[in-house]
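Asks: Fold the following for me, if possible:
(chains A and B)
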Amino acid sequence: GEDVEQSLFLSVREGDSSVINCTYTDSSSTYLYWYKQEPGAGLQLLTYIFSNMDMKQDQRLTVLLNKKDKHLSLRIADTQTGDSAIYFCAERPRGGATNKLIFGTGTLLAVQP
Amino acid sequence: DGGITQSPKYLFRKEGQNVTLSCEQNLNHDAMYWYRQDPGQGLRLIYYSQIVNDFQKGDIAEGYSVSREKKESFPLTVTSAQKNPTAFYLCASSTQGQGNTEAFFGQGTRLTVV
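Replies: Okay, the predicted model is just below:
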C-alpha cells in the first residue's frame, strides 16, 4: 500500500525541541519531504531528503531517515510560536508514470509560550 | 514573481450547482495536481496532469472534472454529483523527471456549499 501515517497532534513549550514522526510503507520511495501549512494557507516545502541519506540538517531543522523501519522524523530545535502549524510528510514512490507525492495525514504542532 | 495562484480564496455554492476553481502557474511545470483537504484526513489526490491535454484520476475523482488545455492552467470543476463538496482545495505543480520533484502549492480555495 501507499499509506503515510503521522500522529495528529503535538504540543511543546517555546524553546523546547519538537520531534514530528512519520511512517511510510513504500520502501522504494526516492525522496521524502516535509511541508508546513499555516492556517488557511497552502503548503510550503520545509526540507526534503534523498533516500540514500540518513540525516539532513538545515538550520533549526534536522531530518532523520530510517529506511529499515520506514520511519522519517523532523526535529525542530528551539521551537518558536511561529512554528505552530500543521506539518505534512510526503513520499515520492520510485517508478510508475508520475511524480505525484503521497501525503501523510498531517501533525498539528502547538507551541505554548 | 514565479508561483502558483488559486482563485477565488473563498467560494460559496448552492446545492445542485457546478462550480469551477481556477489554478494558474508560471513556473513552467509540466505536472499539475488537485488535492482536497478535510480535517484529520490529510491531502487526498483528486486529479493530476503530466502534460497538456492529458490528465488522470486520483484517489477521489468522482464528482469532479478537470481540463488541461494550456500548460499554465488546470481548472477543477466541482459538479453537483459530488456528494460532500465542502472542503479546502489545493492545487500544486511540479517538474517531471527522476530527480527531486517537490510540489509547489497555491494558497488554496475554501469551498462551502450552502
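Asks: what number of residues lie near the closest residue to B:Lys71 other than its chain neighbours?
Replies: Distance criterion CB to CB, 6 or more residues apart in numbering or on different chains; nearest residue to B:Lys71, sequence neighbours excluded, is B:Val52 at 5.3 Å. For the C-beta atoms, the positions are set from N, CA and C on the backbone; glycine is no exception. Residues lying near B:Val52 (other CB atoms under 10 Å in any protein chain shown) number 15.
Asks: Also A:Leu101?
Replies: A count of nearby residues for A:Leu101, using other CB under 10 Å, gives 26.
Asks: backbone phi and psi for it, please?
Replies: phi -100, psi 150 (degrees, to the nearest 10).
Asks: got the contact list for B:Gly2?
Replies: When contacts are counted by CB atoms under 8 Å, 6 or more residues apart in numbering or on different chains, B:Gly2 is found next to B:Asn26, B:Leu27.
Asks: So it, which state does it fall into?
Replies: Applying DSSP: H, G, I helix; E, B strand; the rest coil to B:Gly2 yields a three-state assignment of coil.
Asks: confidence score at it?
Replies: At B:Gly2 the predicted local distance difference test score is 70.
Asks: Distance check, it against chain A.
Replies: B:Gly2 sits 14 Å away from chain A, taking CB to the nearest CB, to the nearest Å as the criterion.
Asks: is it true that B:Phe12 touches B:Thr112?
Replies: Yes. Contact between B:Phe12 and B:Thr112 holds when scored by CB atoms under 8 Å: they sit 5.2 Å apart.
Asks: mind listing what's buried in stretch B:54-70?
Replies: Across stretch B:54-70, burial judged by 16 or more other CB atoms under 10 Å in any protein chain shown covers B:Phe55, B:Gly58, B:Ala61, B:Tyr64, B:Ser65, B:Val66, B:Arg68.
Asks: ok, the second one touching B:Ser49?
Replies: No. Under the criterion of CB under 8 Å, B:Gly58 is not in contact with B:Ser49, lying 10.5 Å apart.
Asks: can I assume the residue nearest to B:Lys71 is in contact with B:Glu69?
Replies: Yes. Contact criterion CB under 8 Å: B:Val52 and B:Glu69 qualify, at 7.1 Å.
Asks: shaky segments in chain B?
Replies: Low-confidence segments of chain B, defined by pLDDT under 70, are located at B:1.
Asks: Please repeat the previous calculation with a cut-off of 50.
Replies: Across chain B, not a single residue meets the criterion (pLDDT under 50).
Asks: I'd like to know how many residues surround the nearest residue to B:Arg13 once chain neighbours are set aside.
Replies: What sits nearest to B:Arg13 in space, not counting adjacent residues and going by CB to CB, 6+ apart, is B:Val19, at 4.5 Å. Using other CB under 10 Å, B:Val19 has 18 other residues around it.
Asks: residue contacts, B:Val19?
Replies: Residues in contact with B:Val19 (CB under 8 Å, 6+ apart) are B:Leu11, B:Arg13, B:Thr77, B:Val78, B:Leu111.
Asks: Closest to chain A out of the buried residues of stretch B:54-70?
Replies: Comparing those against chain A with CB to the nearest CB picks out B:Gly58 as the nearest, at 7.8 Å.
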